[in-house]
Structures are given as C-alpha cells and as structure tokens.
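>>> here is a sequence together with a model predicted from it:
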Amino acid sequence: MNTAPPVRAGTRGSPLALVQTRTFLRLLAAVPGAGQGQEMIINTTGDAVQDRPLADIGGKGLFAKEIHEALLDHRIDCAVHSMKDLETELPPGIVIGCVLVREDARDVLILGDTGSASDPADPFAGLPHGALVGTSSVRRQAQLLHARPDLRVASIRGNVQTRLRKLREGECQASLLALAGLRRLDMEVPGAVVLDPSVMLPAAAQGVVAVTVRADDVALRGVLAAIDDRASRIAATAERAMLAELDGSCRTPIGAHASISTGGSLTLTGLVARADGTFLLRRTLAGASADAARIGEDLGASLRADSPADLFA
C-alpha cells in the first residue's frame, strides 16, 4: 500500500490549465512511490484582470506570481504552468522540476464569417482588406502587420473559450490562438488555419508544460525527473535562453522556435520586431543540442546587436 502523502499541484483555474494539470497528475501517478496527486486551484492576478493588457499590469509573470508564493509558503508542493507564461528568471528557491512532452508549437489563424478560404501558401490572404483581428499578443500582432499592413488589431484577452465566443459575436473578424491549447482541449474549430513557423514564429516555449518545485525538495525533484522529456526541455532551454538574452518585456514582440534533428543537432529560429510591424528581424542558428543554452544566448545577442535599441527599453 502506498502511504506517501499527496502531491499538491498548484494551477490556474482555466479549462486549459486544468487539463494540463490533470495530464501531469496522471503521469505522476505512474511513477513508483510518487503517491497520489491533488490539484490546487490558485487565482492569479493575470486571470483576474481581463480588461487591461498584460504589459500594463506587470507582464506574463502575473500568471505565476501567486502560485509561486504558495509554493514557497509550502501550501503546495509543485506548480503546473504553460511554460511560455513563466518569467525567464524564476524566483529564488524555485526550479523547473520537469518538462512534459511538447504539443504542437504552431499558431492558428481563425477566420470569422467574413473570411474566405485561405491559401496554405498565403494564409493571411483570406482576410478582407482592413479586417479587424483580435489578439493580445504583440508577437502575433507584429508578424501579422508586417505581412499585411492594411489590417487592424484589437486586444482580446481571456481563455480559449472566451476568445472564440468574442469572435463568434463579431467583436473581430479573425483571431490567433496556439494550436497546443486547442489540441489539449480537444477542440475542432471551423475556419482554423495552422500557420507554419515560417509564417508566424511561435512564442518561446509555446506548447510546453513545465512543473516548478522548491529547489530544496530533493525527494520530489527526483520523482519529477522520471517524467521529464529531454527533447522538450532542450528546445525550451534554447528558446528561453534567447529570450533572456534579449531581456524583452511584454511590449517587445519576440518569437523563438527550436527543432531537434534525429541526429541530435538543434536549429533555433528567433525574431524581434516592432509591434506595428514596421521592423522585423529574423535569424536562425544551429549547433549541437548539448549547447542549447549557448545557441539561444548567441542568437539573442545577434538579434539585439542589429535591432533598434529602443525595442528593448
């Protein structure tokens, strides 16, 4: 009989966050001696304040702030996050205990009733001239406007279901979402067009679920290591190292996507841009996957060196 105490996993309360947490708890339950898992919903400032852009209220770290406070206070034992919402520098005493297998990192363009069928070679062609596109991501906005300067962008926040409802109600004529979220929620969305990274570069660590833990919890860190996905961790390490080197804020459009070949080499593509799309710099760097962090740092330094300084102010 397993007498280990339950592992309390902190999570946001959105449908997607709960799906991700329950996936983690199922994996945890399969580890010998791990004990039962228990989800603990924690309300975050990022979820509570929906009427203002994230950059105006403190950035994406607000999705993790209260959860990490609970972790440091020992009210929970670990925390489950969409890794793209984690700050690049975690609070002292907290580390990433494991990274789950990455879901598809690509973005999806969702056309409303006024859109027409998109050509896969030119997916934005289905948007009418001057169409209003809803997104809260400056990364998506910059790439969209760089490709189609005639488009207009409106900020839309909320979970996946909320954004799709706003699209149906006509608040915008199209929207952009992460394919990973739709897949994890098992949602089939009519009019959805998957965007190749060559068209829309994803956010750093998009599609990755990370579990944070107290650095001094050696026992739980050992358990979490058993479900860590090496390839996903390596890719996320490169992408987050590039992001950290750029030191961009939520107001800085930054994209990063790493892939690992069967031979073990890593290819990382990154971009920086202006939110209005008038400047966009995109570069790729490759090397051994063992050098993931260095590749990310080098690519970040290269992008910073050739970008206007005010992008990172």
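Received the coordinates, thanks. Computed from a predicted model, the values in this text were never measured in an experiment.
>>> from Thr135, how far off is Gly40?
In this structure residue 40 is Met, not Gly. 31 Å (C-beta to C-beta, to the nearest Å). C-betas here are computed from N, CA, C, even on glycine.
>>> go on, Leu224?
As judged by C-beta to C-beta, Leu224 and Thr135 stand 33 Å apart.
>>> repeat for Arg102
22 Å.
>>> and Thr23, by the same measure?
26 Å.
>>> more crowded one of Met40 and Thr135?
Thr135 (22 against 17; other C-beta atoms under 10 Å).
>>> mind checking the SS state of the nearest residue to the more buried one once chain neighbours are set aside?
In this structure, Thr135 finds its nearest non-sequential neighbour in Leu176, 4.8 Å apart by C-beta to C-beta, 6 or more residues apart in numbering. Assigned by DSSP: H, G, I helix; E, B strand; the rest coil, the conformation of Leu176 is strand.
>>> for Leu176, grab the count of nearby residues.
By other C-beta under 10 Å, 24 other residues sit near Leu176.
>>> quick check, it in contact with Pro123.
No - counting by C-beta atoms under 8 Å, Leu176 does not reach Pro123; the two are 10.7 Å apart.
>>> overlap in contacts, the two.
Shared contacts of Leu176 and Pro123, defined by C-beta atoms under 8 Å, 6 or more residues apart in numbering, are found at 109, 195.
>>> ok, Ala180 - how many residues close by?
Neighbours of Ala180 (other C-beta under 10 Å): 24.
>>> backbone phi and psi for it, please?
phi -60, psi -40 (degrees, to the nearest 10).
>>> that one and Gln206 touch, don't they?
Yes - the criterion here is C-beta under 8 Å, and Ala180 meets it with Gln206 at 6.6 Å.
>>> name the helix or strand for Val213, please.
strand 209-214 (DSSP states H and E).
>>> mind giving me the packing neighbours of that strand?
helix 15-29, helix 65-72, strand 78-82, strand 94-99, helix 218-225 (3 or more C-beta pairs under 8 Å, 6 or more residues apart in numbering; DSSP states H and E).
>>> which residues sit against it?
So strand 209-214 is contacted by 9, 20, 23-24, 64, 68, 71-72, 74, 77-83, 86, 90, 93-100, 220-221, 224, 236 (C-beta under 8 Å, 6+ apart).
>>> show the buried residues in the residues you listed.
9, 20, 23-24, 64, 68, 71, 77-83, 86, 90, 94, 96-100, 220-221, 224, 236 (16 or more other C-beta atoms under 10 Å).
>>> okay, Gly263: pLDDT?
With respect to pLDDT, Gly263 scores 89.
>>> Gly170: what secondary structure?
Counting by three-state DSSP, the backbone at Gly170 sits in coil.
>>> quick one: the helices in the stretch 151-300 of the chain?
160-168, 179-184, 218-225, 230-246, 292-305 (DSSP state H, counting those that start in this stretch).
>>> and the helices and strands packed on strand 209-214 as TSV, adding distance to Arg282 and mean pLDDT?
Output for the helices and strands packed on strand 209-214, formatted as TSV (distance: least, C-beta to C-beta, whole Å; pLDDT from 0 to 100):
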stretch	distance to Arg282	mean pLDDT
helix 15-29	28	96
helix 65-72	32	94
strand 78-82	24	97
strand 94-99	25	98
helix 218-225	35	96
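>>> for Ala305, find the nearest of the ones you listed.
Across the helices and strands packed on strand 209-214, Ala305 has its closest neighbour in strand 94-99 (28.7 Å, C-beta to C-beta).
>>> packing partners of that closest one?
Counting by 3+ C-beta pairs under 8 Å, 6+ apart, strand 94-99 packs on helix 65-72, strand 209-214, helix 218-225, helix 230-246.
>>> mind running it again at 10 Å?
Here strand 94-99 touches helix 15-29, helix 65-72, strand 78-82, strand 209-214, helix 218-225, helix 230-246, going by 3 or more C-beta pairs under 10 Å, 6 or more residues apart in numbering; DSSP states H and E.
>>> parallel or antiparallel, list what pairs with the third one.
Right, the one you point to is strand 78-82. strand 7-11 (parallel), strand 209-214 (antiparallel) (DSSP bridges).
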